[in-house]
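Trainee: mind looking at a prediction? Sequence and model below.
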Amino acid sequence: KVLELLKTGNDFNRGGAITALIGLGGKKHARAVVDLMLDKNAFALNKMAPLNFLLETGAALEYKKELIALVRQSFHSEQRTAIMFLFVQLDAKDTKPEIAKLLNVEFVKGDAAKALAMMGATEYEDKIALLLTDENSLVRKDAALALGILKSAKYAGAVNKLLVAKEDFVRLYAAIALIMMDAKPY
């Protein structure tokens, strides 16, 4: 009966059904939840509920291919970001190249930088450093933080330039990044 609610056009019913399946240990029904998440007609669906289901039931890595497809094509920046951090939480380091492709995608590039940093992806620090000059101050802040997490001291000088940014939050994160890098000269 709970599965039947997934097929309704009512987002409240679908969201409730997904939550119920988590509580019922419904990992065996993961395919139905994933299919709903991929259904372009389910536009009103709470985009986080299926991701929460996959995480809570331990089924996420079994559907990595589908999640990567969503990261590539979703128009929902919140969903893309949630998937990236789901991969971080699951230590799915093999997804780093897919996340790195988002370093030039508006609305998610800053989160991609942080996700890569949390995965220890030093191989992408040069690409992340390019974001220090992004026109969006939030992206510059995220890039500084990511480089700090990676302890990329070779970019300390570039991060130091953000200490005079007009936005106080950019200055704050630049300072934090320099501390994380142990960049004592700055």
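Mentor: Arrived safely, thanks for sending. Numbering: from 1, shown residues only.
Trainee: and the helices in the protein?
Mentor: Here the chain has its helices, by DSSP state H, at 2-6, 11-23, 30-38, 48-57, 64-73, 77-89, 96-100, 109-118, 125-129, 137-149, 156-160, 168-181.
Trainee: from residue 127, how far out is residue 26?
Mentor: According to CB to CB, to the nearest Å, residue 26 stands 39 Å off from residue 127. In short, each C-beta sits where N, CA and C put it, glycine included.
Trainee: show me which of the two is the more surrounded one.
Mentor: residue 26 (20 against 17; other CB atoms under 10 Å).
Trainee: returning to what we had before: mean pLDDT for the helices of the chain - can I get that in a markdown table?
Mentor: Shown next, in a markdown table, are these (pLDDT from 0 to 100):
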| stretch | mean pLDDT |
| --- | --- |
| helix 2-6 | 89 |
| helix 11-23 | 90 |
| helix 30-38 | 91 |
| helix 48-57 | 93 |
| helix 64-73 | 92 |
| helix 77-89 | 94 |
| helix 96-100 | 97 |
| helix 109-118 | 98 |
| helix 125-129 | 98 |
| helix 137-149 | 98 |
| helix 156-160 | 98 |
| helix 168-181 | 98 |
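Trainee: contacts only, for the residue nearest to residue 18 when sequence neighbours are not counted.
Mentor: Counting by CB to CB, 6 or more residues apart in numbering, residue 18 lies nearest to residue 49, which is 4.5 Å off, once chain neighbours are set aside. The neighbourhood of residue 49, defined by CB atoms under 8 Å, 6 or more residues apart in numbering, consists of 14, 15, 18, 19.
Trainee: so which of the residues you listed wins on neighbours?
Mentor: Highest neighbour count within the contacts of residue 49, by other CB under 10 Å: residue 18, with 28 neighbours.
Trainee: list the contacts for that one?
Mentor: By CB under 8 Å, 6+ apart, residue 18 lies in contact with 6, 33, 36, 49, 50, 52, 53.
Trainee: and the residues you listed, which is closest to residue 114?
Mentor: Residue 114 lies nearest to residue 52 out of the contacts of residue 18, by CB to CB, at 20.2 Å.
Trainee: give me the neighbour count for the nearest residue to the closest one once chain neighbours are set aside.
Mentor: Distance criterion CB to CB, 6+ apart; nearest residue to residue 52, sequence neighbours excluded, is residue 22 at 7.1 Å. Using other CB under 10 Å, residue 22 has 18 other residues around it.
Trainee: how much space between residue 22 and residue 56?
Mentor: 5 Å.
Trainee: do the same with residue 100
Mentor: Remark: distance between residue 100 and residue 56 (CB to CB) = 27 Å.
Trainee: what do you get for residue 6?
Mentor: Residue 6 is 16 Å from residue 56, by CB to CB.
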